[in-house]
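Participant: using only what follows, build the 3D model:
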Amino acid sequence: MPLPDVVVEPSTPHAPCSDPPGPAARPDDAAVVARNLTRSFGTAVAVAGLSLEVARGETFGLLGHNGAGKTTTIRLLNGVLAPDSGSARVLGLDPVRDGTRLRARTGVLTETPSLDERLTARENLAFFGRLYGLSGQHLDSRVSEVLGAFGLRDRADERVGGYSRGMKQRVALARTLLHDPDILFLDEPTAALDPVATREVHELVEGFGRDRRRTVVLCTHNLVEAQRLCDRVAILRKGSLVAIGTPAELAASVDAAVVVEIDLGPGDRQAALAILADTAATHVEMIESGVTLRAARSDIPRIVSAIAAAGCSIFRVASVDSDLEAAYFALHGLPPTEEGPNR
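Facilitator: Numbers count the residues shown, from 1 in each chain. Model prediction:
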């Protein structure tokens, strides 16, 4: 049975790794403020009463299945679409009234690269750079910089039509940074990229998180990517906000079930299995180093204590699921073994 929707509003965004947390998402210091945004296409509601805030310098994720409303939200926040109702402020500007001024300060990566395949990568970037008001030596310098940053310099003068899908995605990513925007909207930025290019994009976004100079709004259905890169995430379902918060806050809010590995001393696995039969643990399996099980997060301490009280040697207890993965499936009323994002 699906769990009730919850919204967790943290006072301070959680920063990735060991970096200090970013600023709180206060309306007077926010990069994005949306209030009851709604947009329909005919009878289909794409975004339904969406309200959220994104702090300046924050890396914020929009997470959901295909059709959850992520791309439409990005278009509304950039003034490409007008809402049926509700309002938004992005970098202090109204996307409807100030769309041209706003888009001069944002970088947008769409789901498809949208490049002119008759032109080379260098020519594509130069064309878009001129649209952003760059010219002369400054334009040439910026094109060269982003080509190098994305490993495209060696093939910069080949037509984009001969590129792989992943290389086209690199050119599109390079394009978003040409004019040094204040905020980036990245819609599935690692789609079709190979593992090396994906790592490079992740490192780029993590760099933004460390210096806090640029805000990033990341649309993805990749749970591992969102867990790694985002300070906070908003989980969307059929155009509606299900929950918002850090991965840890979301997991705690629903007491999500997690998969846990317990490393045990030699000869303790059978004893642990017998003890686990009388606990709330499910999906219990024996592994080479000990046992694995699934249980609600709040039950884990009692389960581990019961195994220890029986005299078993416990060397390690580790969660296999990420906080965000566990929360996502719980908030959608799905066990983690069912089909979902990036599964």
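Participant: now Gly166: how far from Arg210?
Facilitator: 26 Å (CB to CB, to the nearest Å). Bear in mind the C-beta positions are built from the backbone N, C-alpha and C, glycine included.
Participant: should've said Ser253
Facilitator: Counting by CB to CB - Ser253 and Arg210 are separated by 27 Å.
Participant: just Asp154 next, same as before
Facilitator: Taken as CB to CB, the span from Asp154 to Arg210 is 29 Å.
Participant: Arg302 now?
Facilitator: Relative to Arg210, Arg302 is positioned 39 Å away (CB to CB).
Participant: about what we covered before: tell me which of Asp154 and Arg210 has more neighbours.
Facilitator: Arg210 (13 against 9; other CB atoms under 10 Å).
Participant: show the pLDDT at that one.
Facilitator: On the pLDDT scale, Arg210 is placed at 79.
Participant: list phi and psi for it.
Facilitator: Arg210 adopts backbone torsions of phi -70, psi -40, taken as degrees, to the nearest 10.
Participant: what mean pLDDT would you report for stretch 230-237?
Facilitator: Summarised as a single mean, pLDDT over stretch 230-237 is 91.
Participant: identify each buried residue in that stretch, please.
Facilitator: By neighbour count on 16 or more other CB atoms under 10 Å, the buried set for stretch 230-237 is 230-237.
Participant: swap in stretch 120-138?
Facilitator: 120-126, 128-129, 132, 134.
Participant: could you dump these to TSV with secondary structure, pLDDT and distance to Gly265?
Facilitator: Formatted as TSV, the buried residues of stretch 120-138 follow (DSSP: H, G, I helix; E, B strand; the rest coil; pLDDT from 0 to 100; distance: CB to CB, whole Å):
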residue	secondary structure	pLDDT	distance to Gly265
Thr120	strand	97	63
Ala121	helix	96	58
Arg122	helix	97	62
Glu123	helix	97	65
Asn124	helix	96	61
Leu125	helix	97	60
Ala126	helix	96	65
Phe128	helix	94	61
Gly129	helix	94	63
Tyr132	coil	90	63
Leu134	coil	93	64
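Participant: which one of these is nearest Gly267?
Facilitator: Among those, Ala121 lies closest to Gly267 (CB to CB), at 61.4 Å.
Participant: please name the residues that touch the closest one.
Facilitator: By CB atoms under 8 Å, 6 or more residues apart in numbering, the contact list for Ala121 reads 147, 152, 155-158, 160, 163, 171, 174.
Participant: what's the neighbour count on the residue lying closest to Asp98 once chain neighbours are set aside?
Facilitator: Nearest non-adjacent residue to Asp98, counting by CB to CB, 6 or more residues apart in numbering: Gly79, 7.3 Å away. The number of residues packed near Gly79 is 21, by other CB under 10 Å.
Participant: which secondary structure element contains Gly79?
Facilitator: Here Gly79, judged by DSSP states H and E, is contained in no helix and no strand.
Participant: please report phi then psi for it.
Facilitator: Phi and psi for Gly79, reported as degrees, to the nearest 10, are phi 80, psi 10.
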